[in-house]
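Chemist: Sequence and computational prediction follow.
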Amino acid sequence: MAKILVVDDSPTQLTNLVKMVESQGHQAITASNGMQGIEQARSEQPDLILMDVVMPELNGFQATRKIAKDAELSRIPVILVTTKDQETDKVWGERQGAAGYIVKPPKDGELAAMITKVLGNR
């Protein structure tokens, strides 16, 4: 069982992602924006972060970049889970340090497979 931080400003999306994570037997913790996500990552030291992109204050690309460049947090892989479905968005996300990219809503099994893959690569 892994501890997974879910970061999304939409209460509905947050609830859905938490249900998906918990149905796989993982522990879910949450944050509602990028800045809170970084704070939660620091205090909780999760095994993985699921990060939305379109959020107020600090978007998911910015938060992922900060996490990837932070010596204390860079070991935590980030999977971007977003409505942004362009190939350029995916490439940009990877350049910011994301370990994976999934377009919302995740297809059945897609999120579980990505979580397993990313956690298995650690």
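Modeler: Yep, that arrived. Numbers count the residues shown, from 1 in each chain.

Chemist: Can you list the residue ranges for strands in this structure?
Modeler: Ranges of strands in the chain, per DSSP state E, are 3-7, 27-31, 48-51, 78-82, 100-103.

Chemist: Output those as a markdown table; include the columns distance to Ala68 and mean pLDDT.
Modeler: (Each C-beta comes from the backbone N, C-alpha and C, glycine too.) Formatted as a markdown table, these follow (distance: least, Cβ to Cβ, whole Å; pLDDT from 0 to 100):
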| stretch | distance to Ala68 | mean pLDDT |
| --- | --- | --- |
| strand 3-7 | 14 | 98 |
| strand 27-31 | 17 | 98 |
| strand 48-51 | 11 | 98 |
| strand 78-82 | 7 | 97 |
| strand 100-103 | 13 | 96 |
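
Chemist: Any buried residues in stretch 113-122, and which?
Modeler: If you call a residue buried by 16 or more other Cβ atoms under 10 Å, then stretch 113-122 has these buried ones: 114-115, 118.

Chemist: Closest one of those residues to Thr64?
Modeler: Of all the buried residues of stretch 113-122, Val118 has the smallest distance to Thr64: 13.2 Å, by Cβ to Cβ.

Chemist: Tyr101 versus that closest one, what's the distance?
Modeler: From Val118 across to Tyr101, the span is 11 Å (Cβ to Cβ, to the nearest Å).

Chemist: Let me have the strands of the chain in JSON lines, extended by distance to Glu57.
Modeler: Supplementary listing: those in JSON lines, determined by distance: least, Cβ to Cβ, whole Å:
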{"stretch": "strand 3-7", "distance to Glu57": "12"}
{"stretch": "strand 27-31", "distance to Glu57": "11"}
{"stretch": "strand 48-51", "distance to Glu57": "13"}
{"stretch": "strand 78-82", "distance to Glu57": "16"}
{"stretch": "strand 100-103", "distance to Glu57": "21"}
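
Chemist: Ok, which of those strands comes nearest Gln62?
Modeler: strand 48-51 (10.2 Å).

Chemist: Relative to Gln24, which of the buried residues of stretch 113-122 is nearest.
Modeler: The closest of those, once distances to Gln24 are taken by Cβ to Cβ, is Ile115, at 6.6 Å.
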